[in-house]
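> Sequence first, then the predicted structure:
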Amino acid sequence: SNLKCFLVSCQVFERERLNGHYGVTAFLIGNIFSAVPYMLLISLIPGGIAYYLCGMHKGPERFFYFTSLLFAIVMWVESLMLVVGSICPNYVIGMFLAGGVEGLMILTGGFYRLPNDLPKPLWKYPLYYVSFLKYAFQGSFKNDFEGLTFSVDQDGGGTRTVSGREVLTDTWHLEMGYSKWVDLAIMFGMIVLYRVLFLVITKCKEKMKPFH
């Protein structure tokens, strides 16, 4: 539905551009500022409900990170639709293409198949490292598990204490050499890259099909 709405807006934009009202850059800036308030609402309201309902690691800083993560994911999907919409004028083909890209990102993000278990050619190198959801999963897990401790029952009786950091490295195979904020920064970097890619593709299409 996001892609279909975007393609309709592209048709409106094409008419406005042909009439000389504004260019591609103005459209992109307007698209960003018009979408951000709604994306913030989508992130804050369901995020606030789910965060405390699920009993996740409490604290204002952790809640802020969680909602920022949701905002980044929604922004990424919107940015992906911009790129796909600029390549595929047919929204049916575009929906298949966008769904395929999102499916690859999910499968190689490190949740359904742990990073160390992914086949090395292609699936881990390079798909795992270019997957947007890799950084979303890592940031989410670090935000919730770091600072926690768990009591684990042992076979011979008794319990031992396991830190959240051990769970992240041993169970989820996360890369702990950098903080969750770096994961979030990489996500926003990818969003900017997708938007710039949309701008470049649209500008190139303009040059290949000049209008009079």
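Nice, thanks for sending it over. Predicted model, so just to flag it, every value in this text is computed and none were measured.

> how about the strands of this protein, start to end?
Assigned strands in the chain, in chain order: 121-122, 125-126, 149-153, 159-163 (criterion: DSSP state E).

> Apart from its chain neighbours, what residue comes closest to the most centrally placed residue in the chain?
The chain has residue 73 as the residue nearest its centroid, 3.4 Å off, counting by C-alpha atoms, centre = their mean. Nearest residue to residue 73 in three dimensions, chain neighbours excluded: residue 136, at 5.7 Å (C-beta to C-beta, 6 or more residues apart in numbering). Yep, even glycine has a C-beta here, placed from its N, CA and C like the rest.

> same check, this time on residue 142
Closest to residue 142 by C-beta to C-beta, 6+ apart is residue 180, at 3.9 Å.

> List the contacts of that neighbour.
65, 138, 139, 142, 143, 146 (C-beta atoms under 8 Å, 6 or more residues apart in numbering).

> Low-confidence stretches in this protein?
The model of the chain has pLDDT under 70 over residues 1-21, 89, 209-212.

> hmm, try it at 90
The model of the chain has pLDDT under 90 over residues 1-35, 52, 55, 58, 77-99, 151-160, 198, 201-212.

> any chance you could map the helices in it?
2-18, 24-53, 60-87, 91-107, 127-130, 132-145, 164-166, 180-208 (DSSP state H).

> any idea which of the ones you listed is most buried?
helix 132-145 (a mean of 22; mean count of other C-beta atoms under 10 Å).

> For this structure, list the residue farthest from the centre, please.
residue 156 (43.9 Å).

> coming back round to it: so the residue nearest to residue 73 sits against residue 190, correct?
No - counting by C-beta atoms under 8 Å, residue 136 sits too far from residue 190 to count as a contact (10.3 Å).
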